[in-house]
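Student: Just a sequence and a predicted model for now, questions to come.
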2 protein chains.
Amino acid sequence: MARYRLTIEFDGTPFVGWQRQANGMSVQGCLEQAALRYCGETVTFHAAGRTDAGVHGLGMVVHVDLARGDRADKVRDALNALLRPDPVVVLDAQVVDDDFHARFSCIERSYVYRILNRRAPAALQAGKVWWYAKPLNAEAMDEAARCLVGKHDFSSFRASECQAQSPVKTLDELRIRRQGEMLEVYVRARSFLHHQVRNMVGTLVLVGEGKWDRDRLAAALAACNRSAAGQTAPAQGLFFLNARYPEDQQA
Amino acid sequence: MARYRLTIEFDGTPFVGWQRQANGMSVQGCLEQAALRYCGETVTFHAAGRTDAGVHGLGMVVHVDLARGDRADKVRDALNALLRPDPVVVLDAQVVDDDFHARFSCIERSYVYRILNRRAPAALQAGKVWWYAKPLNAEAMDEAARCLVGKHDFSSFRASECQAQSPVKTLDELRIRRQGEMLEVYVRARSFLHHQVRNMVGTLVLVGEGKWDRDRLAAALAACNRSAAGQTAPAQGLFFLNARYPEDQQA
């Protein structure tokens, strides 16, 4: 038996989300089907983050135990061959210690949220961005966003169905940068509340449009009430970027 | 009546190509349907390049005449509203002189071809890249590619069904650059033979793999024979980038 740490890329469009569900195809289910065909074993994959339907993965980290204990690169190539044509691929595989857990050992998660900010709808990037036609001021968003960084009660940005024990989280980084027509919102923290990133993005666009200023954003945070903040940005613009573990080199 | 010059972005995946055909949905057909719903007029769109099935457009230039002569930004927004959900959008619209012709007035066309060069197949970029698992040396490709630049008989890179009168073309630029896992091949010329870009890319990967050197590539060009060059690279990696006209500012 060996435990494998895998880095996964996936297009979230056709999936009901990470987690296996009765009502449709999941990323977890695809991986487990591929492992079953590879090893004849029914196994469970665990992920650093349980993404919602439509959310994408650029560098999701997962782990799995396989009885046959093949070399890591063989596991990567075999799973990739068996995952096709579903849009899930294994970018990297490593054998890790038995106490590694993709979810519970994770000390940092990062996401990027992409907003296509132009008059014309998305064509080539459809399903991979939030199309936002009204002009957004990225500098104003980046400046205002600083009030969200640090340790706060994020109840205003928490989905009602969130199962976290506490609404208090420490946001380590939140940056907004424009690259031509694309706005990229980068966030990094040990962990996030359910819908926290999408709720922050859906509120920050109010600042970007000039409807809200930094004080209004700070007041929304201080209210500790979901109705004080903006809408939930759509899932399709969100990408799970990276997960970090104690054994990783500091970036 | 007014003539409009439109800049179009499209995802080529669901289309039989630019040109209207009986056997499936075309980019031209989508635009003409949208114009019919907008104006009640049956019109013809003309494009700078007639792309193949699966080829994408980042900045394709087209023109059309519309009897109602609305303002250009109104035409852009109306067509965008009526094109949805097909993955074709109008990025820009301008009223132009009656003698502007998207195809015949065009003095320069550029394409980019994207190769995802990594062990794992494409997931997020599926349908928008050529996945090439064997390592490619971009510098060697870029160096060898210089022998294709200039005025040559490109018969070795010409599709048998090509309708151009002469196989002689002047290639103004051909560059290959690596950005992480992605290789981008950039080409620029007044015009190209049918499949010329895809046939050049399909041959350049032989250099990138180390199977061919620059002399072999030069010999393939000099042979003036399609069988002397490499395979046709798949359509899905090719993007029509830009078209230039005499009235445009020099870049």
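Tutor: Perfect, I can see it now.
Student: Am I right that A:Ala219 is in a helix?
Tutor: Yes - residue assignment for A:Ala219, taken from DSSP: H, G, I helix; E, B strand; the rest coil, places it within a helix.
Student: List the residues that contact it.
Tutor: Under the criterion of C-beta atoms under 8 Å, 6 or more residues apart in numbering or on different chains, the contact partners of A:Ala219 comprise A:Ala228. C-beta here means a position set from N, CA and C on the backbone, and glycine is covered the same way.
Student: Can you name the residues in contact with stretch A:77-84?
Tutor: Contacts made with stretch A:77-84 from outside it, assessed by C-beta under 8 Å, 6+ apart, are listed as A:6, A:30-31, A:33-35, A:37-38, A:70, A:89-90, A:93, B:119-121.
Student: and those residues, which are buried?
Tutor: Members of these that pass the buried threshold by neighbour count (16 or more other C-beta atoms under 10 Å in any protein chain shown) are listed as A:6, A:30-31, A:34-35, A:38, A:70, A:89-90, A:93, B:119-121.
Student: out of the contacts of stretch A:77-84, which are inside strands?
Tutor: Secondary structure from DSSP state E places A:6, A:89-90, A:93 of the contacts of stretch A:77-84 in strands.
Student: who in chain A is up against chain B?
Tutor: If contact is defined as C-beta under 8 Å from any C-beta of the partner chain, the residues of chain A in contact with chain B are A:9-11, A:56, A:58, A:76-77, A:80, A:84, A:87-91, A:118-124, A:126, A:128.
Student: Tell me how many other residues surround the residue of the stretch 151-251 of chain A found nearest chain B.
Tutor: Minimum separation of the stretch 151-251 of chain A from chain B (C-beta to the nearest C-beta) falls at A:Phe239, amounting to 8.2 Å. Around A:Phe239 sit 24 other residues, with neighbours defined as other C-beta atoms under 10 Å in any protein chain shown.
Student: contacting residues around it?
Tutor: Under the contact definition (C-beta under 8 Å, 6+ apart), the residues listed for A:Phe239 are A:55-58, A:111-114.
Student: Could you tell me how far it is located from A:Val90?
Tutor: As defined by C-beta to C-beta, to the nearest Å, A:Phe239 lies at a distance of 17 Å from A:Val90.
Student: swap in A:Ala223?
Tutor: Noted for A:Ala223: a distance of 43 Å to A:Val90, by C-beta to C-beta.
Student: For ChimeraX, what selects the buried ones among the residues of chain A next to chain B?
Tutor: For anyone working in ChimeraX, the buried entries among these, judged by 16+ other C-beta under 10 Å, can be selected with:
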select /A:9,10,11,56,58,76,77,80,87,88,89,90,91,118,119,120,121,122,123,124,126,128
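Student: Among the contacts of A:Phe239, which lie within helices?
Tutor: Secondary structure assignment (DSSP state H) places none of the contacts of A:Phe239 within helices.
Student: nearest to B:Ala22, of those?
Tutor: Comparing the contacts of A:Phe239 against B:Ala22 with C-beta to C-beta picks out A:His56 as the nearest, at 36.6 Å.
Student: My guess is that closest one contacts B:Ala126. True?
Tutor: No - between A:His56 and B:Ala126 there is no contact, the gap being 12.0 Å when judged by C-beta atoms under 8 Å.
Student: Find residues that contact each of the two.
Tutor: Overlap between the neighbourhoods of A:His56 and B:Ala126 consists of A:Asp11, taking contacts as C-beta under 8 Å, 6+ apart.
Student: who's A:Val64 bridged to?
Tutor: Listed by DSSP bridges, the beta-bridge partners for A:Val64 are A:Tyr4.
Student: so how far is A:Leu206 from it?
Tutor: Using C-beta to C-beta, A:Val64 is found at 42 Å from A:Leu206.
Student: Do a quick rundown of the helices in the stretch 1-150 of chain A.
Tutor: Using DSSP state H, counting those that start in this stretch, the helices found in the stretch 1-150 of chain A span residues A:27-39, A:72-83, A:138-145.
Student: how about the most centrally placed residue in chain A, secondary structure?
Tutor: Geometric centre of chain A, nearest residue: A:Phe240, 2.8 Å, by C-alpha atoms, centre = their mean. The assignment at A:Phe240 comes out as strand when based on three-state DSSP.
Student: one step back: out of the ones in strands among the contacts of stretch A:77-84, which one sits closest to chain B?
Tutor: Closest approach to chain B among the ones in strands among the contacts of stretch A:77-84 (C-beta to the nearest C-beta): A:Val89, at 4.2 Å.
Student: tell me the contacts of the closest one?
Tutor: With contact set as C-beta under 8 Å, 6+ apart, A:Val89 has these partners: A:8-10, A:80, A:83, B:120-123.
Student: Thanks a lot, see you next time.
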